[in-house]
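Colleague: next one to model:
(one chain, ligands or ions: 1)
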Amino acid sequence: MKIDAITTFPHMYDSVMGESMMRLAQEKGLLEFKAHDLRDWAQGVHRKTDDYPYGGGCGLVMMCDPIFKAVEDVLGYEAGSLPEGRRERGDDGATVIFMAPVGKTFDDSLACKLAKKERLVFVCGHYEGIDERAYSLADEVISIGDYVLTGGELASMVVIDAVVRKIEGVLGAEGGAETESFADGLLEYPQYTRPRSFRGMDVPEILLSGHHANIAEWRHAQSVERTRALRPDLLEQDNRPSSCASAH
Ligand code: ADE
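Modeller: Model (predicted):
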(Lines give C-alpha, C1' and ligand atoms only; values in the text may rest on other atoms or scores of the structure.)
Protein backbone atom coordinates (compact mmCIF):
# COMPACT_ATOMS: atom_id res chain seq x y z
CA MET A 1 0.00 0.00 0.00
CA LYS A 2 1.08 3.55 -0.69
CA ILE A 3 0.14 6.27 1.81
CA ASP A 4 0.75 10.01 1.48
CA ALA A 5 0.00 12.68 4.05
CA ILE A 6 -0.35 16.32 3.01
CA THR A 7 0.30 18.53 6.02
CA THR A 8 1.93 21.74 7.21
CA PHE A 9 3.73 19.67 9.89
CA PRO A 10 5.36 16.74 8.02
CA HIS A 11 7.82 16.03 10.85
CA MET A 12 4.96 15.08 13.15
CA TYR A 13 4.97 11.73 11.32
CA ASP A 14 8.66 10.99 11.88
CA SER A 15 8.41 9.08 15.14
CA VAL A 16 5.13 7.23 14.58
CA MET A 17 6.02 6.14 11.04
CA GLY A 18 9.66 5.49 11.97
CA GLU A 19 9.09 3.03 14.83
CA SER A 20 7.62 -0.37 15.56
CA MET A 21 5.11 -1.94 13.14
CA MET A 22 4.87 1.11 10.86
CA ARG A 23 8.64 1.02 10.30
CA LEU A 24 8.62 -2.77 9.85
CA ALA A 25 5.79 -2.54 7.31
CA GLN A 26 7.95 -0.17 5.25
CA GLU A 27 11.06 -2.31 5.67
CA LYS A 28 9.10 -5.38 4.53
CA GLY A 29 8.03 -3.45 1.40
CA LEU A 30 4.34 -3.66 2.38
CA LEU A 31 4.00 0.09 2.89
CA GLU A 32 5.41 3.14 1.14
CA PHE A 33 4.80 6.29 3.20
CA LYS A 34 5.58 9.93 2.52
CA ALA A 35 4.62 13.09 4.38
CA HIS A 36 4.48 16.15 2.08
CA ASP A 37 4.85 19.74 3.25
CA LEU A 38 1.81 21.66 2.02
CA ARG A 39 3.99 24.81 1.94
CA ASP A 40 5.75 23.34 -1.10
CA TRP A 41 2.58 24.21 -3.06
CA ALA A 42 2.01 27.62 -1.43
CA GLN A 43 2.84 30.93 -3.06
CA GLY A 44 4.91 33.96 -2.06
CA VAL A 45 7.94 34.36 0.13
CA HIS A 46 5.95 33.43 3.21
CA ARG A 47 4.47 30.34 1.55
CA LYS A 48 1.14 31.06 3.19
CA THR A 49 -1.32 28.17 3.48
CA ASP A 50 -4.06 29.94 5.45
CA ASP A 51 -5.95 33.22 5.47
CA TYR A 52 -8.70 35.13 7.29
CA PRO A 53 -12.23 33.73 6.99
CA TYR A 54 -14.72 35.50 4.72
CA GLY A 55 -17.55 36.78 6.89
CA GLY A 56 -15.22 37.38 9.83
CA GLY A 57 -14.56 35.31 12.90
CA CYS A 58 -11.45 34.33 14.75
CA GLY A 59 -8.75 31.95 13.54
CA LEU A 60 -7.42 31.24 10.10
CA VAL A 61 -8.79 29.00 7.38
CA MET A 62 -6.62 26.80 5.17
CA MET A 63 -6.68 27.98 1.56
CA CYS A 64 -7.95 25.67 -1.15
CA ASP A 65 -5.35 26.58 -3.81
CA PRO A 66 -2.32 24.88 -2.18
CA ILE A 67 -4.47 21.89 -1.20
CA PHE A 68 -5.73 21.42 -4.78
CA LYS A 69 -2.21 21.71 -6.17
CA ALA A 70 -0.77 19.32 -3.60
CA VAL A 71 -3.44 16.66 -4.21
CA GLU A 72 -3.07 17.04 -8.01
CA ASP A 73 0.70 16.70 -7.80
CA VAL A 74 0.72 13.78 -5.36
CA LEU A 75 -1.84 11.92 -7.51
CA GLY A 76 0.11 12.73 -10.65
CA TYR A 77 -2.54 14.95 -12.24
CA GLU A 78 -1.54 17.94 -14.33
CA ALA A 79 -1.66 21.19 -12.32
CA GLY A 80 -5.03 22.87 -12.81
CA SER A 81 -6.65 19.72 -14.18
CA LEU A 82 -9.18 19.54 -11.37
CA PRO A 83 -10.83 22.96 -11.75
CA GLU A 84 -13.99 21.88 -10.02
CA GLY A 85 -12.28 19.44 -7.75
CA ARG A 86 -13.63 16.48 -9.67
CA ARG A 87 -11.85 13.34 -10.63
CA GLU A 88 -13.41 10.03 -11.42
CA ARG A 89 -13.54 8.41 -8.01
CA GLY A 90 -11.24 5.44 -7.71
CA ASP A 91 -10.07 5.62 -11.33
CA ASP A 92 -6.57 6.37 -10.16
CA GLY A 93 -6.76 3.67 -7.48
CA ALA A 94 -6.41 6.30 -4.75
CA THR A 95 -8.73 7.28 -1.91
CA VAL A 96 -8.39 10.91 -0.82
CA ILE A 97 -9.20 11.28 2.87
CA PHE A 98 -9.72 14.57 4.69
CA MET A 99 -9.32 14.39 8.46
CA ALA A 100 -11.85 16.61 10.25
CA PRO A 101 -14.11 16.49 13.31
CA VAL A 102 -17.13 16.79 10.98
CA GLY A 103 -16.30 13.48 9.28
CA LYS A 104 -17.63 9.94 9.60
CA THR A 105 -16.51 8.39 12.89
CA PHE A 106 -13.64 5.98 12.36
CA ASP A 107 -14.12 2.36 13.42
CA ASP A 108 -12.83 -1.14 12.73
CA SER A 109 -15.04 -1.72 9.69
CA LEU A 110 -13.82 1.49 8.05
CA ALA A 111 -10.24 0.38 8.84
CA CYS A 112 -10.97 -2.92 7.05
CA LYS A 113 -12.41 -1.11 4.03
CA LEU A 114 -9.37 1.20 3.77
CA ALA A 115 -6.92 -1.70 4.26
CA LYS A 116 -8.12 -3.09 0.91
CA LYS A 117 -7.16 0.07 -1.01
CA GLU A 118 -3.96 0.42 -3.03
CA ARG A 119 -3.35 4.02 -2.12
CA LEU A 120 -4.51 6.49 0.55
CA VAL A 121 -3.86 10.23 0.44
CA PHE A 122 -4.56 12.06 3.72
CA VAL A 123 -5.16 15.80 3.83
CA CYS A 124 -4.70 17.22 7.32
CA GLY A 125 -6.21 20.54 8.31
CA HIS A 126 -5.12 22.86 11.07
CA TYR A 127 -6.44 26.02 12.71
CA GLU A 128 -10.12 26.84 12.28
CA GLY A 129 -10.66 24.53 9.35
CA ILE A 130 -10.30 24.14 5.62
CA ASP A 131 -11.92 26.18 2.84
CA GLU A 132 -15.10 24.22 2.08
CA ARG A 133 -14.27 24.04 -1.64
CA ALA A 134 -11.25 21.81 -0.92
CA TYR A 135 -13.59 19.08 0.39
CA SER A 136 -14.72 18.48 -3.19
CA LEU A 137 -11.48 16.50 -3.53
CA ALA A 138 -12.41 14.12 -0.72
CA ASP A 139 -13.53 10.54 -1.19
CA GLU A 140 -13.87 10.21 2.59
CA VAL A 141 -13.99 12.69 5.46
CA ILE A 142 -13.03 10.95 8.69
CA SER A 143 -13.19 11.95 12.35
CA ILE A 144 -11.57 9.88 15.10
CA GLY A 145 -14.10 11.02 17.69
CA ASP A 146 -16.27 13.78 19.06
CA TYR A 147 -13.54 16.15 20.22
CA VAL A 148 -11.39 18.70 18.46
CA LEU A 149 -7.65 18.24 18.03
CA THR A 150 -5.34 21.07 16.99
CA GLY A 151 -4.90 19.37 13.63
CA GLY A 152 -5.65 16.29 11.58
CA GLU A 153 -2.12 14.85 11.76
CA LEU A 154 -2.53 12.88 15.00
CA ALA A 155 -5.94 11.71 13.80
CA SER A 156 -4.51 10.53 10.47
CA MET A 157 -1.79 8.59 12.30
CA VAL A 158 -4.46 6.80 14.33
CA VAL A 159 -6.18 5.80 11.08
CA ILE A 160 -2.91 4.84 9.35
CA ASP A 161 -1.85 2.62 12.27
CA ALA A 162 -5.23 0.87 12.47
CA VAL A 163 -5.27 0.32 8.67
CA VAL A 164 -1.65 -0.73 8.12
CA ARG A 165 -1.72 -3.40 10.84
CA LYS A 166 -4.56 -5.05 8.89
CA ILE A 167 -2.47 -5.44 5.72
CA GLU A 168 -1.57 -9.08 5.27
CA GLY A 169 1.97 -9.79 6.42
CA VAL A 170 2.40 -6.69 8.59
CA LEU A 171 1.76 -8.31 11.97
CA GLY A 172 3.37 -11.67 11.22
CA ALA A 173 2.05 -15.06 12.27
CA GLU A 174 1.84 -14.24 15.97
CA GLY A 175 0.10 -10.89 15.42
CA GLY A 176 -3.39 -12.28 15.68
CA ALA A 177 -5.46 -9.44 14.14
CA GLU A 178 -8.36 -11.93 13.92
CA THR A 179 -8.57 -12.59 17.65
CA GLU A 180 -8.28 -9.02 18.93
CA SER A 181 -11.04 -6.70 20.07
CA PHE A 182 -13.74 -5.85 17.48
CA ALA A 183 -12.57 -8.52 14.99
CA ASP A 184 -15.66 -10.62 15.82
CA GLY A 185 -17.74 -7.82 17.27
CA LEU A 186 -16.56 -8.60 20.81
CA LEU A 187 -13.87 -7.19 23.09
CA GLU A 188 -10.77 -9.33 23.43
CA TYR A 189 -10.52 -11.87 26.29
CA PRO A 190 -8.01 -11.26 29.14
CA GLN A 191 -4.40 -12.26 28.48
CA TYR A 192 -1.66 -13.34 30.91
CA THR A 193 2.07 -14.08 30.77
CA ARG A 194 4.73 -15.02 33.33
CA PRO A 195 4.88 -15.08 36.32
CA ARG A 196 2.04 -17.44 37.26
CA SER A 197 1.50 -15.58 40.50
CA PHE A 198 2.10 -11.88 40.99
CA ARG A 199 1.42 -10.01 44.23
CA GLY A 200 -1.32 -12.42 45.18
CA MET A 201 -2.95 -12.39 41.72
CA ASP A 202 -2.91 -15.78 39.99
CA VAL A 203 -3.25 -16.70 36.31
CA PRO A 204 -6.57 -18.56 35.84
CA GLU A 205 -5.99 -22.30 36.26
CA ILE A 206 -7.62 -23.17 32.93
CA LEU A 207 -4.88 -21.37 30.97
CA LEU A 208 -2.31 -23.71 32.54
CA SER A 209 -4.31 -26.85 31.70
CA GLY A 210 -3.06 -27.27 28.12
CA HIS A 211 -6.62 -28.22 27.09
CA HIS A 212 -7.07 -26.12 23.91
CA ALA A 213 -10.80 -26.63 23.43
CA ASN A 214 -11.60 -25.69 27.03
CA ILE A 215 -9.30 -22.67 26.80
CA ALA A 216 -11.00 -21.49 23.60
CA GLU A 217 -14.42 -21.89 25.24
CA TRP A 218 -13.28 -20.00 28.35
CA ARG A 219 -11.83 -17.19 26.24
CA HIS A 220 -15.02 -16.80 24.23
CA ALA A 221 -17.10 -16.69 27.43
CA GLN A 222 -14.74 -14.05 28.86
CA SER A 223 -15.07 -11.97 25.67
CA VAL A 224 -18.85 -12.08 25.86
CA GLU A 225 -18.89 -11.27 29.59
CA ARG A 226 -16.44 -8.40 29.17
CA THR A 227 -18.34 -6.96 26.21
CA ARG A 228 -21.61 -7.17 28.16
CA ALA A 229 -20.00 -5.37 31.12
CA LEU A 230 -17.97 -2.72 29.30
CA ARG A 231 -19.54 -2.24 25.86
CA PRO A 232 -23.10 -3.61 25.87
CA ASP A 233 -23.82 -1.47 22.79
CA LEU A 234 -21.61 -3.82 20.71
CA LEU A 235 -23.93 -6.74 21.43
CA GLU A 236 -26.84 -5.02 19.74
CA GLN A 237 -27.06 -6.34 16.20
CA ASP A 238 -27.04 -2.93 14.55
CA ASN A 239 -23.87 -1.82 16.32
CA ARG A 240 -21.81 -4.89 15.50
CA PRO A 241 -18.60 -3.96 13.75
CA SER A 242 -18.34 -6.04 10.59
CA SER A 243 -15.31 -8.27 10.24
CA CYS A 244 -12.63 -7.52 7.65
CA ALA A 245 -13.78 -10.38 5.48
CA SER A 246 -17.21 -8.87 5.05
CA ALA A 247 -16.08 -5.22 4.77
CA HIS A 248 -16.56 -3.73 1.34
N1 ADE B 1 -8.99 17.33 13.32
C2 ADE B 1 -9.29 17.95 14.47
N3 ADE B 1 -10.02 17.17 15.26
C4 ADE B 1 -10.19 15.99 14.60
C5 ADE B 1 -10.88 14.79 14.90
N6 ADE B 1 -11.54 14.61 16.04
N7 ADE B 1 -10.83 13.79 13.99
C8 ADE B 1 -10.19 13.98 12.82
N9 ADE B 1 -9.53 15.10 12.48
C10 ADE B 1 -9.53 16.10 13.36
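Colleague: ok, and for the lengthiest strand in the chain, which residues are buried?
Modeller: With DSSP state E applied, the strand covering the greatest number of residues in the chain is identified as strand 94-105. Neighbour-count burial for strand 94-105, counted by 16 or more other Cβ atoms under 10 Å, picks out A94, T95, V96, I97, F98, M99, A100, P101, G103. Yep, even glycine has a C-beta here, placed from its N, CA and C like the rest.
Colleague: out of the residues you listed, who's near the ligand?
Modeller: By Cβ under 6 Å from any ligand atom, the members of the buried residues of strand 94-105 lying near the ligand are M99, A100, P101.
Colleague: so which strand or helix has the residue nearest to the spatial centre of the chain?
Modeller: The chain has V159 as the residue nearest its centroid, 0.8 Å off, counting by Cα atoms, centre = their mean. Taking DSSP states H and E as the criterion, V159 maps to helix 152-164.
Colleague: so what touches whichever helix in the chain runs longest?
Modeller: Longest helix in the chain by number of residues (criterion: DSSP state H): helix 212-230. Helix 212-230 is contacted by residues D184, L186, L187, E188, Y189, P190, P204, I206, L207, S209, L234, L235 when judged by Cβ atoms under 8 Å, 6 or more residues apart in numbering.
Colleague: ok so, going back, with pLDDT as new columns, can the ones next to the ligand among the buried residues of strand 94-105 be given to me in CSV?
Modeller: Converted to CSV, those look like this (pLDDT from 0 to 100):
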residue, pLDDT
M99, 98
A100, 96
P101, 95
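Colleague: burial of the closest residue to T105 other than its chain neighbours, as a residue count?
Modeller: Nearest non-adjacent residue to T105, counting by Cβ to Cβ, 6 or more residues apart in numbering: S143, 5.6 Å away. Neighbours of S143 under the rule other Cβ atoms under 10 Å: 18.
Colleague: so S143 touches F106, yeah?
Modeller: Yes - here S143 reaches F106: they are 6.8 Å apart, a contact under Cβ atoms under 8 Å.
Colleague: and the average pLDDT for stretch 7-24 is what?
Modeller: For stretch 7-24, mean pLDDT rounds to 98.
Colleague: number the residues from 556 up from this point.
Modeller: Sure, I'll start counting at 556 from here, so that last one is stretch 562-579.
Colleague: check which element follows the longest strand of the chain along the chain.
Modeller: With DSSP H and E, the next secondary element past strand 649-660 is helix 663-670.
Colleague: helix 707-719 and that following helix, what's the angle between them?
Modeller: 80 degrees (axes from the mean of the first three to the mean of the last three Cα atoms, to 10 degrees).
Colleague: quick check: neighbours of the helix or strand following helix 663-670 in the sheet, parallel or antiparallel?
Modeller: Later in the chain than helix 663-670, the nearest helix or strand by DSSP H and E is strand 674-679. Neighbouring strands of strand 674-679 in its sheet, by DSSP bridges, are strand 557-562 (parallel), strand 649-660 (parallel).
Colleague: let me have the ones you listed in TSV, extended by distance to L675.
Modeller: Below are the strands paired with strand 674-679 laid out as TSV (distance: least, Cβ to Cβ, whole Å):
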stretch	distance to L675
strand 557-562	5
strand 649-660	5
